[in-house]
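**Q** give me the fold of what follows.
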Amino acid sequence: MFKKIVITFIGFWMVLACVGCATESDPTPNPDEDKTEEKNEFTVTFDSLGGTSIEAIKVEEGSEIKLPTAPTRDGFTFEGWFTDKECTKPFTDLKVSSNLTVYAKWKKIEVSVPLAATKVFMIGDSTCAYYDQSTKDLDYYYQRAGFGSSVSSYLKEEAEVVNLAVGGASSRSFATLEEYKTFTSSVSEGDYVIIAFGHNDEKKIDEKFATLEGNSKDKEGTFHYYLYHNFIKVALAAGATPILATPIVRYDASGAYAEGTKYLHVMQEDASYGGGDYAEATRTLAASEKLTLIDNTRLTAAKWRTSTPKEAMDYYGMITSTAIDGTHLNSYGAQMVGYMMAAALKDTDSKLAAYVKADITEPTKEEYLVVNPQYVEPSYEAPTTWSTLWGTKEEDWHASAFGYFKKDPKNKFTEYFDIKENQDNTVTLSDKTDTQCGRFNSKGDGLLMYFRQLRVDDDFTIEATMHVDEVKVANSGSGCGLMVRDDMYIDQYVAELNTNFLAVGALGMPFTSGESKYTYVAFQREKTEALTRDKKDKSDTYLQAGDQVTLKIVKIDSTYSLYYNGNKTGVNYDLSLAGDDKEFIYVGLFVAGVTCTFSNITFTTN
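**A** Numbering: from 1, shown residues only. As a prediction, the model looks like this:
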């Protein structure tokens with residue numbers, strides 16, 4: 001019995017001991033005790049953009065990442081990590097709060113390799129040409145400048161720029177010029193030839209027009225044909241490298257510079273222009289011939305769009321402080337295009353890229369946008385009423401005797417001049433005096449004119465048959481024909497009238513005794529004291545009483561073509577006649593010292 005009691009007693013205490021053990025090892029949880037906070041984990045991915053690979057790093061939320069060893073890339077220096085692929089936003093906040101990808105920025109190591117001396121020929125039109133601003137555009141507010149010479153500002157001294165661009169030239173007509181002979185005789189192995197056409201190729205002017213219809217380097221008459229045979233083929237044969245450039249945009253007052261518009265050289269075919277996209281035609285030829293392309297059309301359109309229309313005017317020649325020449329650049333615009341061309345070259349695989357200076361910067365208005373110091377705001381005012389002296393009946397045609405005369409008419413113009421609109425639709429203009437009244441010379445111009453007023457940017461064609469009825473005053477200052485001029489005065493004596501005009505017909509009439517010298521069939525004045533005449537337009541045969549000739553003037557954009565008896569005169573005129581009158585030009589028939597009857601007069605505007 002005692003044994004049984006002992007065993008029971010021991011068992012009781014063992015049970016209590018086990019209960020106590022359980023109580024000590026598994027205490028009841030305390031609701032007030034702190035819990036451990038769980039934190040998010042984020043991944044930072046490193047895109048080395050062509051450099052050595054970097055492993056992604058996981059970072060606890062709120063923790064600051066320890067950046068890895070910088071990647072490497074042959075030929076480049078690492079410039080840090082950025083949060084955008086364009087590498088414009090530096091990765092500076094190292095406390096990570098989300099998954100993130102960062103990008104490596106690289107700077108190319110400029111390798112100093114001796115460059116061989118080379119020439120860069122600039123071939124193009126007036127937008128590319130050099131302008132001597134000491135003698136050219138003296139009446140402009142912002143004088144014109146071409147980008148061809150500005151390119152040199154961004155090239156190393158080993159590259160000599162030879163600017164052969166000519167105002168009014170097209171890929172077709174350039175081959176007829178002296179500058180083309182200079183190009184073909186001078187270009188040699190290792191040179192570069194930048195070819196920039198389009199502005200004049202699109203115009204339907206006989207010797208300039210290069211059609212896009214059937215465009216092919218194997219089809220004469222097309223844009224591709226002239227670009228290839230006149231320039232690309234010649235450059236390659238000489239061991240030089242041809243580069244094509246599309247034309248710069250024309251000014252768009254809306255500021256849109258939209259694709260498919262004339263401002264970007266996409267032309268709708270009409271009487272003045274051939275149809276098609278001349279910038280795209282340049283691009284396709286560059287691609288097919290595997291040539292470097294500088295897309296000036298898209299470069300200028302993109303840059304100009306970032307400006308207001310008023311701000312974009314600052315890139316162009318300005319005839320006055322408010323009137324724009326929307327085709328030609330000024331010094332600032334030319335410098336901007338030169339900069340963009342150089343910057344574009346750096347991103348190509350052309351060997352000319354090595355000649356671009358290392359750290360070129362965009363030009364500023366403060367440095368390059370300069371008002372012509374000789375500019376004087378014109379006091380001239382366009383006529384708002386027309387003469388009542390001559391009895392003209394045609395609604396759009398007017399008449400006036402004006403300018404510098406040997407004898408001041410003193411309001412007696414009808415004693416010296418006469419105009420008759422005849423019943424057979426001819427018009428007779430008469431200088432009636434036996435002593436010279438109307439004339440052209442260094443002291444000024446005086447004439448009788450039967451004319452129409454057009455806006456400066458209107459295109460037109462005027463044609464007429466001119467019969468010389470009588471030569472009243474025979475000397476080198478007498479003349480007759482068709483004229484387009486800058487300004488107009490209504491029956492007014494104007495001392496020293498030396499303003500802009502173009503004329504076709506005759507300057508210089510024979511003496512009544514039959515003595516003969518020479519005459520010019522085309523002539524002009526461009527804000528200078530001397531009349532401008534080209535020897536190509538010199539004729540050994542005077543027009544005399546009884547002679548008859550056909551005359552024509554065609555204006556497309558800023559280009560004028562003059563025709564004498566069906567033949568184009570020897571000079572291409574690419575100029576603005578918006579000198580004193582910024583809004584209008586005056587087109588018609590004229591005489592000075594002569595009486596002529598004009599028939600078959602046709603006038604069309606486009």
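**Q** any idea which element residue 340 lies in?
**A** For residue 340, the host element (DSSP states H and E) is helix 331-346.
**Q** CA atoms only: put the following helix or strand past that helix into PDB for me.
**A** With elements assigned by DSSP H and E, the helix or strand that comes after helix 331-346 is helix 365-368. C-alpha atoms of helix 365-368 as PDB (Å, rounded to 0.1, in the frame of the first residue of the first chain):
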ATOM      1  CA  LYS A 365      20.600  87.500 -82.600                       C
ATOM      2  CA  GLU A 366      22.700  89.800 -80.500                       C
ATOM      3  CA  GLU A 367      25.700  88.900 -82.500                       C
ATOM      4  CA  TYR A 368      24.400  88.500 -86.000                       C
END
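**Q** any weak-confidence spans in this structure?
**A** Applying pLDDT under 70 to the chain flags residues 1-37, 111-113, 434-436, 510-518, 527-530, 535, 571-572.
**Q** how about the helices in it?
**A** Applying DSSP state H to the chain gives helices spanning 2-25, 147-150, 178-186, 223-227, 233-237, 278-288, 296-305, 309-312, 331-346, 365-368, 413-416.
**Q** re earlier: same for the helix holding residue 340, what does it pack against?
**A** If you count contacts as 3 or more Cβ pairs under 8 Å, 6 or more residues apart in numbering; DSSP states H and E, helix 331-346 packs onto strand 144-145, helix 147-150, strand 292-294, helix 296-305, helix 365-368. The way it works is simple: take the backbone N, C-alpha and C, and place the C-beta from them, glycine included.
**Q** what's the most buried one of the helices of the chain?
**A** Stretch with highest mean neighbour count among those: helix 147-150 (a mean of 26; mean count of other Cβ atoms under 10 Å).
**Q** report the distance from that one to the chain centre.
**A** Remark: helix 147-150 is offset 12 Å from the chain centroid, using Cα atoms, centre = their mean, to the nearest Å.
**Q** what does that helix rub up against?
**A** 122, 124, 127-130, 161, 163, 165, 194, 196, 248, 296, 329, 333-335, 337-339, 341 (Cβ atoms under 8 Å, 6 or more residues apart in numbering).
**Q** how does it look with 10 Å?
**A** With Cβ atoms under 10 Å, 6 or more residues apart in numbering as the contact definition, helix 147-150 has outside contacts at 120-125, 127-131, 161-165, 194, 196, 245, 248, 296, 300, 329, 331-342, 363, 368.
**Q** re earlier: any chance of the helices of the chain in CSV with distance to residue 400 as columns?
**A** Formatted as CSV, the helices of the chain follow (distance: least, Cβ to Cβ, whole Å):
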stretch, distance to residue 400
helix 2-25, 123
helix 147-150, 41
helix 178-186, 40
helix 223-227, 43
helix 233-237, 51
helix 278-288, 40
helix 296-305, 41
helix 309-312, 36
helix 331-346, 38
helix 365-368, 42
helix 413-416, 9
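**Q** nearest to residue 533, of these?
**A** Comparing the helices of the chain by their distance to residue 533 (Cβ to Cβ), the top pick is helix 178-186, with 18.1 Å.
**Q** who touches stretch 82-102?
**A** With contacts defined as Cβ under 10 Å, 6+ apart, stretch 82-102 is touched by 40-49, 54, 56-67, 79-81, 103-106.
**Q** what residues sit buried inside that stretch?
**A** By neighbour count on 16 or more other Cβ atoms under 10 Å, the buried set for stretch 82-102 is 82, 87, 91, 96, 100, 102.
**Q** then that stretch to CSV, C-alphas only?
**A** C-alpha atoms of stretch 82-102 as CSV (Å, rounded to 0.1, in the frame of the first residue of the first chain):
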residue,chain,number,x,y,z
PHE,A,82,20.1,59.9,-66.1
THR,A,83,16.4,59.1,-65.5
ASP,A,84,15.4,59.7,-69.2
LYS,A,85,16.8,58.1,-72.3
GLU,A,86,17.7,61.5,-73.8
CYS,A,87,19.9,62.0,-70.8
THR,A,88,18.6,65.4,-69.9
LYS,A,89,17.5,64.6,-66.3
PRO,A,90,20.3,63.6,-64.0
PHE,A,91,19.8,60.8,-61.4
THR,A,92,20.4,62.7,-58.3
ASP,A,93,17.8,61.5,-55.8
LEU,A,94,19.4,58.3,-54.6
LYS,A,95,16.6,57.3,-52.2
VAL,A,96,14.5,54.9,-54.2
SER,A,97,10.7,54.8,-53.9
SER,A,98,9.8,52.8,-57.0
ASN,A,99,11.2,50.5,-59.6
LEU,A,100,13.4,52.6,-61.9
THR,A,101,15.5,52.4,-65.0
VAL,A,102,18.4,54.8,-65.4
